[in-house]
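Chemist: The following comprises the amino acid sequence and a computationally predicted model.
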Amino acid sequence: MKPLRILLLAAFAGTTALCGVVATGPGTALAQTAGRVAAVVNDDIVSVFDLTARMDMVIKTSQLPDDQQTRQRLAPQILRQLIDERLQLQAARRLGLNVTADELSRAEAQIETRNNFAAGTLEQGLRAQGIVPSTVIDRLRSEIAWEKVVAREVRPRIVVGEDEINAVLDRIRANAGQTEYRVLEIVLSVPDPQREAEVRQNAERLLEQLKAGAPFTALAREFSDGVTAQQSGDVGWVLPGQLAPEIDAFLANAQAGTVSTPIRTPEGYHIVAVADTRKVTGGDASQIEIALKQIALETGDDPAAQRAATERL
């Protein structure tokens, strides 16, 4: 496999690689930045135009304040997202997997439906909100491509055995009468102990935005490092003991609609919301439907990394 090359470049002379663009604030002349490079990912380029356009989209869809501080804080996270998308597209190309026009059209139609746009008016609607349509289309393309990679490389290896189904049924019966929680999460990892304070501050800022009315699902999709980010932070229905003890302690007294303060776990900082609660009933096993979800984690060939990733689950 060709070695991964990611090179971050200065956006403007005399500035750091990111701050030169994020300090421009609202009304940035995107055309002036089109030729500048923010990062090189193998043979692909992430331009400053790409970075600024995606930042505009995130700020508007997440209802964040559009100021210099917000842009400087968001820039590294968004650049990482754009790099990940380039890597996902590259992985798809290596496998000969392409995203068709029909697949993109269906994905665009779903966005139109969610946002009450008339059919075929996505680009017009985005422009009316000050969002460059290409940044949304590029994101959709990478998501579809990555789904194809997972379908080709991961799903054929997954076999759900009868013993696993029976284990789920046994757990349902054993927990009959207990409260189950529909959990949403935002996870901010701490990759370096020296960044502990910075990550905690980012979590506090996100909590402030939630209190100000920003949608939890939008912030989770844009900022969470957790495996549930693509599901807008939706963990699903969980019982006490299924999540980290620190999160269980919060859930013990939580009601529907409750949002936690930042919770520190070995994985990082979590902001947890309880979307709903219900009582578990044992029920007739023949009437129970079990929904299975799969999670794909990139760990490389390092056995220690593979073991650590599975233990977090």
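Modeler: That came through, no problem.
Chemist: shaky segments in the stretch 51-200 of the chain?
Modeler: Where the stretch 51-200 of the chain drops to pLDDT under 70, the residues are 155-160, 168-169, 171-172, 174-175.
Chemist: mind running it again at 90?
Modeler: Confidence mapping of the stretch 51-200 of the chain against pLDDT under 90 gives the ranges 60-78, 80-81, 84, 110-111, 113-117, 129, 147, 150-180, 189-195, 198.
Chemist: where exactly do the strands run in it?
Modeler: Ranges of strands in the stretch 51-200 of the chain, per DSSP state E, counting those that start in this stretch, are 179-189.
Chemist: Leaving out chain neighbours, which residue sits closest to T121?
Modeler: E112 (6.8 Å; Cβ to Cβ, 6 or more residues apart in numbering). (Glycine included, C-beta is placed from N, CA and C.)
Chemist: how about the nearest residue to H270, chain neighbours excluded?
Modeler: Per Cβ to Cβ, 6+ apart, closest to H270 is I263, 4.6 Å.
Chemist: got a list of what the closest residue to E108 other than its chain neighbours touches?
Modeler: Counting by Cβ to Cβ, 6+ apart, the nearest residue to E108 once its immediate chain neighbours are dropped is L122, at 4.9 Å. Each residue near L122 by Cβ atoms under 8 Å, 6 or more residues apart in numbering is listed here: E108, I111, E112, P133, V136.
Chemist: and the two most separated of those?
Modeler: With Cβ to Cβ as the measure, no two of the contacts of L122 lie farther apart than E112 and P133, at 12.1 Å.
Chemist: Does D66 touch I59 like I think?
Modeler: Yes. Using Cβ atoms under 8 Å, D66 makes contact with I59 at a distance of 5.1 Å.
Chemist: Of the two, which one has the most company?
Modeler: I59 (21 against 14; other Cβ atoms under 10 Å).
Chemist: hang on, isn't the more buried one packed against Q69?
Modeler: No. Judged on Cβ under 8 Å, I59 makes no contact with Q69 at a distance of 11.8 Å.
Chemist: From D50, how far out is the residue nearest to E108?
Modeler: Remark: distance between L122 and D50 (Cβ to Cβ, to the nearest Å) = 19 Å.
Chemist: mind listing what the residue most central in space within the chain touches?
Modeler: The C-alpha lying nearest the average C-alpha coordinate of the chain belongs to A229 (Cα atoms, centre = their mean; 2.8 Å). A229 sits next to V187, A220, R221 when contact means Cβ under 8 Å, 6+ apart.
Chemist: what helix or strand does the second one sit in?
Modeler: Under DSSP states H and E, the secondary-structure element containing A220 is helix 216-223.
Chemist: what comes up buried for that helix?
Modeler: Using 16 or more other Cβ atoms under 10 Å as the test for burial, helix 216-223 gives F216, T217, A218, L219, A220, R221, E222, F223.
Chemist: number of nearby residues for the closest residue to F117 other than its chain neighbours?
Modeler: Leaving out its chain neighbours, the residue that sits closest to F117 by Cβ to Cβ, 6+ apart is G125, at 4.4 Å. For G125, the count of nearby residues is 16 (other Cβ under 10 Å).
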